[in-house]
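Undergrad: what follows is a predicted protein model with its sequence.
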Amino acid sequence: MKDCNCIFCKIANGEIPSATLYEDSDFRVILDLNPASKGHALVLPKEHYANVFELPEDLAGKAFVVAKKVASRLSEGLGAIGFNIVQNNGEPAGQTVFHFHIHLIPRYEGDTVHV
Ligand code: 5GP
Ligand code: ZN
């Protein structure tokens, strides 16, 4: 862990327990603490990278494979009819936790989510 004060490093590496939907050697997918919709999840690399620009290319590719897999499972499990896959970089873009993550946001008929 490069940044031991990072909350997502602690969650991704299991130091802080979380509602985990998926885990492999590189990633953990957790439920968002403050969900924009039912099933809102976050794909976290276990290594610390502040944003997409720091993320190595092989992990960027793997992150999307994981995102696709978990979004598809969530969609089936929760009956979502659409999906936003969102990734914020930098404060002006809305990033609040500076450990790379991908938002998986299930969408439902008539919902009022703004992303
Ligand atoms: P960002 O704004 O950086 O793109 O997204 C950060 C997300 O992390 C937010 O949706 C926020 O609700 C979520 N979050 C912040 N702290 C925690 C935490 O300790 N646990 C979990 N599960 N989610 C968190
Ligand atoms: Zn981190």
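TA: All right, it came through fine. Being a predicted model, the structure only gives us computed values, none of them experimental. Numbering: from 1, shown residues only. Ligands and ions are numbered 1, 2, ... in the order given.
Undergrad: give me the nearest residue to the spatially most central residue of the chain, chain neighbours excluded.
TA: Nearest residue to the geometric centre of the chain (C-alpha atoms, centre = their mean): residue 42, 1.9 Å. Residue nearest to residue 42 in three dimensions, not counting chain neighbours: residue 101, with 4.6 Å by C-beta to C-beta, 6 or more residues apart in numbering. Every C-beta, even on glycine, is put in place using the N, C-alpha and C of the backbone.
Undergrad: wait, that neighbour sits on residue 8?
TA: Yes: between residue 101 and residue 8 a contact is recorded at 6.4 Å, counting by C-beta atoms under 8 Å.
Undergrad: ok, these two, which is more surrounded?
TA: Between residue 101 and residue 8, counting by other C-beta atoms under 10 Å, residue 101 is the more crowded of the two (26 against 22).
Undergrad: can you give me the buried ones in stretch 90-109?
TA: Within stretch 90-109, the residues scored as buried using 16 or more other C-beta atoms under 10 Å are 95, 98-107.
Undergrad: residue boundaries of the strands in the protein?
TA: Shown for the chain, the strands assigned by DSSP state E span residues 20-23, 27-31, 41-45, 82-86, 102-107.
Undergrad: show me what residue 41 is bridged to.
TA: Beta bridges link residue 41 to residue 31, residue 104 when assigned by DSSP bridges.
Undergrad: typed the wrong thing, it's residue 85
TA: Bridge pairing for residue 85 - DSSP bridges - gives residue 104.
Undergrad: residues contacting it?
TA: 67, 71, 102-105 (C-beta atoms under 8 Å, 6 or more residues apart in numbering).
Undergrad: so for the longest helix anywhere in the chain, mean pLDDT?
TA: Scanning the chain for the helix with the most residues, using DSSP state H, yields helix 57-78. Helix 57-78 shows a mean pLDDT of 97.
Undergrad: okay, the angle between it and strand 41-45?
TA: Helix 57-78 and strand 41-45 are oriented at 160 degrees to each other (axes from the mean of the first three to the mean of the last three C-alpha atoms, to 10 degrees).
Undergrad: so what pLDDT did the closest residue in space to residue 30 that isn't next to it in sequence get?
TA: Leaving out its chain neighbours, the residue that sits closest to residue 30 by C-beta to C-beta, 6+ apart is residue 18, at 4.3 Å. Each residue has a pLDDT score; the one for residue 18 is 96.
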